[in-house]
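[1] kindly return the folded structure for what I paste below:
(3 chains)
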Amino acid sequence: MENFIHPNAVLGKEVEVGRYTIIEDGAIIGDRTVIGHHVVIHAGSKVGDRVRIDDNAVIGKLPMSAKRSKTTQAGRRFKPVDIGDDAIIGTGAIVYAGSVLGTGVLIADTAAVREDVTIGDYTIIGRNATIENKVTVGNRCKIQTDVYICAYSSIGDDCFIAPCVATSNDNYAGRWKERTKYYKGVTVRDGGRIAVNATILPGRVIEHDGMAAAGSVVTKDIPDEIIVCGNPAKSLRNVPDNQLLKNQEE
Amino acid sequence: MENFIHPNAVLGKEVEVGRYTIIEDGAIIGDRTVIGHHVVIHAGSKVGDRVRIDDNAVIGKLPMSAKRSKTTQAGRRFKPVDIGDDAIIGTGAIVYAGSVLGTGVLIADTAAVREDVTIGDYTIIGRNATIENKVTVGNRCKIQTDVYICAYSSIGDDCFIAPCVATSNDNYAGRWKERTKYYKGVTVRDGGRIAVNATILPGRVIEHDGMAAAGSVVTKDIPDEIIVCGNPAKSLRNVPDNQLLKNQEE
Amino acid sequence: MENFIHPNAVLGKEVEVGRYTIIEDGAIIGDRTVIGHHVVIHAGSKVGDRVRIDDNAVIGKLPMSAKRSKTTQAGRRFKPVDIGDDAIIGTGAIVYAGSVLGTGVLIADTAAVREDVTIGDYTIIGRNATIENKVTVGNRCKIQTDVYICAYSSIGDDCFIAPCVATSNDNYAGRWKERTKYYKGVTVRDGGRIAVNATILPGRVIEHDGMAAAGSVVTKDIPDEIIVCGNPAKSLRNVPDNQLLKNQEE
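    Predicted coordinates for the structure are as follows:
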C-alpha cells in the first residue's frame, strides 16, 4: 500500500496504516493501532496500543507563532505528543506536540488540542472543539461539539461542558500592554457543568457541581451545587439531588 | 494520475478523480461526478450523477464509539452513505455511513453529517455546521455556518437556521443514569426560522413560521408566526406578512 | 519525495514541499516558503516569500454555488489568491481564489477565507474562524477562534474580535425575495472590539474604540469609546483610558 513510514519510526505488532499516510522520523506506534488514510504523524510522536486514528488527522503538529503574538513563544522546543492506549482520534483532528492524552481519550472529528495541554483518562473532546494551550482537563469529562476552552483554563474530573460553550481569559480584550500578566482562564471544579452556548468570563470559577444554564453569561463565580441562568447570570436554584456527582452510579 | 481506485469500485461515465484520492471497495460513483484531491470515499458508498466533491472530503466514515458513551451503539452495522444527484460536498466535509442526502444538497466546507441522518432535496448545510446522528432535515432548508443541530432533532421543509445557532437535547446535562430515556432534540416545523447565535433548549418546538430572534435563549415553544427574543425569550411580535412562507414567490 | 508539482508551477529558491502535496499549473511560490504534507495549491495561486503552509491546507479553492443560492454568482471568474510574504497558513485552512492576504497574516488551523476578501498586514484569523465573501479586514486585527464574520462586513485596523463572536447581515432571515437588496454586514471601525460570544445584528456599526461586552446582543450601533452589554445590549460605561487605541505603546 502506498504510504510513507520513515525507517526510524517504530511500529508495534499488527499496526494498520492507510494510504498516503505519513509517519515521520522517530514516531513510536503501539500494538494493534489502526491508522487511516492521509494521516500525518510528525516526528517523535508517541501513540499507544489499540489507538484508532481516522483519516486526515495530524498528530504532533508544531505550534505556529504570529509575529505580533504575546503568548506563543517562538523558538521553544516542545515534547513529543503522547497519546495513551485505547484513544480515538477523529477525522481531521489536530493534536499538537507538547500535549499528553490519557487512556481511552476520544478526540472527535476536526477538534484541536494545542501544546502544553493535559487531558485525563476517558475524557471526550467533541467534534470541532478547541482546547487552547496551557489547559488541564481531568478524567471522564465530556467537552462537547464546538466548545472553546481558552488558554490557562483548568477543568476538573467528571465535568460536562455542552456544545458551543465559550470561555475567555483576557479582561482587557486584547488591549493594554500589561494585560498578559492578568490572563486568567476559567476554572471548573470536579462535577461542574456548563450548558449549551453559555459564555464564561475571564477567571471565573465554577465550584463543585455548580452549573451554568443554557445561554447564560457568567460574570461571577458559581457556588457549589447552584444553577445560575440569564445575562448576566443569577442564581436560579440548587442542582437536583439526582444530578449531583456523589449520587451517580455510573 | 496518482490515486487509488479499488478494482471493485464502479465509476460512471466521465468521472474525474483528483490526485492521492482513494475510492474503496464497492463504492459506486455516478456519471460526470468530479472528485478533488485527497478525497476518501469509503467502502460501499453511493454517490450520484454530476456530484462535486472537493479536496479532503471524507465520504462514508464509520462512527466512532467512546467507551463511556451512552448513545452510539458499538458493533452496529451502518448502511452505506447515499448521496443524491447534483450534490456538492465541500472541502474537508465529512459525511458518515448511514446517512442519506437528497438531490442537489450542498454540504459546505468542513461540515459534518453523522450517521442515521436524512437530508432533503436542495437543502444547504453551511460551512462547519454539525448535523448530529438521528436527525431529519427537510427540503430547501438553509442551515448556515457553524450551526449545531443536536441528535434526535427534526427540521421541516423551508426552514432557515442562521449562523452559530446552538441546539440541545438533554435536560439533565449529562448527569443521572436515566437521562437517556428523556433525550429530546429540537423540532422546527415547516418555515420555522432561528436567527444568529440563538440557543434552543431541549425538546422545544418552533411551530410553522415561528422565529427565534438573534441571540435569544428559547426556553418555551414558539407558536405559529410569532417572533420571540431575549434571554429567556419572550414574544415580541408577529412575523411580517412578507416573510411568511405562504407569501414567498421564489 | 513523493508529491506533485506541475511543470508550469514556478518555485522560488529553497522552497520545501511535503509529501503528497499538489502544486497545480501556474502556481507561483516565493523563496524559502515551507509547504507541509497533503497541501493543495490550486492553479494560478500566488504565494509570497518565507510563507509557512501547514499540512492539509487548501489554497486557491474555487467557490461552490448552490443551485438555490442568491448570493454566489455561478460562472464568474475569480482572480488567483495572492498571499503576502511571511504569512502563515494553518493545518486544514482553506483560502479561496479571489482573496488577497497581506504581509505577515496568520490564518490559523481550519479557518476559512472566502472569495472577494482582503485581509490587511499582520492580521490574525483564529482557528476555525470564517471570513465570508465580500469582507474587508484591516491591518493588525485579531479575529479569534470560531469567529463568524458574515458577507458584506468591514473591519478596520487594530480591531479585536474575541472567540465565538457571531455577526449577521440579513434582517429578513432568509425570507422575502427583495431581501438581497438590503443585505448589510457589520462595520467595525478602527480599534473597535467585540468580546467573547457576542452577537451583532445586521448592519450595526461599532464606532472607533467602541466595545461589545461578552455575551452581549448588539441591536444598535455602539458609539465611540463606549462599552455596551446585555441582551439587548445597553450602554455600560466608557472604555478605560488604558484600553484606548491612542494610548497603546505596542
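
[2] now residue A:63: how far from residue C:50?
    17 Å (CB to CB, to the nearest Å). To be clear about C-beta, it is placed using only N, CA and C from the backbone, and glycine gets the same treatment.

[3] which residues does residue A:218 contact?
    Counting by CB atoms under 8 Å, 6 or more residues apart in numbering or on different chains, residue A:218 touches A:198, A:199, A:200, A:201, A:204, A:206, A:212, A:228, A:232, A:233.

[4] what about the third one, how many neighbours?
    What that stands for is residue A:200. By the criterion of other CB atoms under 10 Å in any protein chain shown, residue A:200 has 34 neighbours.

[5] now do stretch A:159-174, average pLDDT.
    Taken as a whole, stretch A:159-174 carries a mean pLDDT of 95.

[6] what about that stretch, how long is it end to end?
    29 Å (CA to CA, to the nearest Å).

[7] just checking that stretch against chain B, any contact.
    Yes. Residues of stretch A:159-174 contacting chain B under CB under 8 Å from any CB of the partner chain: A:160, A:162, A:163, A:164.

[8] what of stretch A:112-122?
    Yes. Applying CB under 8 Å from any CB, one finds stretch A:112-122 touching chain B at residue A:122.

[9] share the number of residues neighbouring residue A:13, please.
    9.

[10] likewise for the one 3 residues further on?
    In terms of burial, residue A:16 registers 13 neighbours under the definition other CB under 10 Å.

[11] ok, it touching residue A:29?
    No. At 10.1 Å, residue A:16 does not count as touching residue A:29 under the criterion of CB atoms under 8 Å.

[12] low pLDDT regions in chain A?
    Residue ranges of chain A with pLDDT under 70: A:67-75, A:250.

[13] chain C versus the closest residue in space to residue A:152 that isn't next to it in sequence, what's the distance?
    In space, and not counting its chain neighbours, residue A:152 is closest to residue A:185: 3.5 Å by CB to CB, 6 or more residues apart in numbering or on different chains. Distance of residue A:185 to chain C, computed by CB to the nearest CB, to the nearest Å: 12 Å.

[14] likewise residue A:134?
    15 Å.

[15] and what of residue A:195?
    13 Å.

[16] so who does the residue lying closest to that residue once chain neighbours are set aside touch?
    Nearest non-adjacent residue to residue A:195, counting by CB to CB, 6+ apart: residue A:214, 4.2 Å away. By CB under 8 Å, 6+ apart, the contact set of residue A:214 is A:162, A:195, A:196, A:197, A:198, A:229, B:168, B:199, B:201, B:217, B:219.

[17] so which of those residues sit within strands?
    Under the assignment DSSP state E, these contribute A:229, B:199, B:217 to strands.

[18] so who does the second one touch?
    When you say that, I think you mean residue B:199. So residue B:199 contacts A:164, A:196, A:197, A:214, A:215, B:165, B:166, B:167, B:168, B:216, B:217, B:218 (CB under 8 Å, 6+ apart).

[19] identify the bridge partners of the last one.
    When you say that, I think you mean residue B:218. residue B:200 (DSSP bridges).

[20] what's the burial count for the closest residue to residue A:64 other than its chain neighbours?
    Excluding the flanking residues, the one nearest residue A:64 by CB to CB, 6+ apart is residue C:88, at 5.1 Å. Counted with other CB under 10 Å, the neighbours of residue C:88 add up to 22.

[21] now do the phi/psi pair for residue C:88.
    phi -130, psi 130 (degrees, to the nearest 10).

[22] sorry, back to before: ok, the residues of stretch A:159-174 next to chain B vs chain C, which is closest?
    residue A:164 (7.6 Å; CB to the nearest CB).

[23] what's the spacing between the closest one and residue C:153?
    21 Å.

[24] more neighbours: those two, which one.
    Per other CB under 10 Å, whichever of residue A:164 and residue C:153 has more neighbours is residue A:164, with 34 against 25.

[25] next, the contact list for the more buried one, please.
    Counted by CB under 8 Å, 6+ apart, residue A:164 has contacts A:145, A:146, A:147, A:196, A:197, B:148, B:164, B:166, B:199, C:164.

[26] what is the nearest of the residues you listed to residue B:97?
    residue A:145 (19.1 Å; CB to CB).
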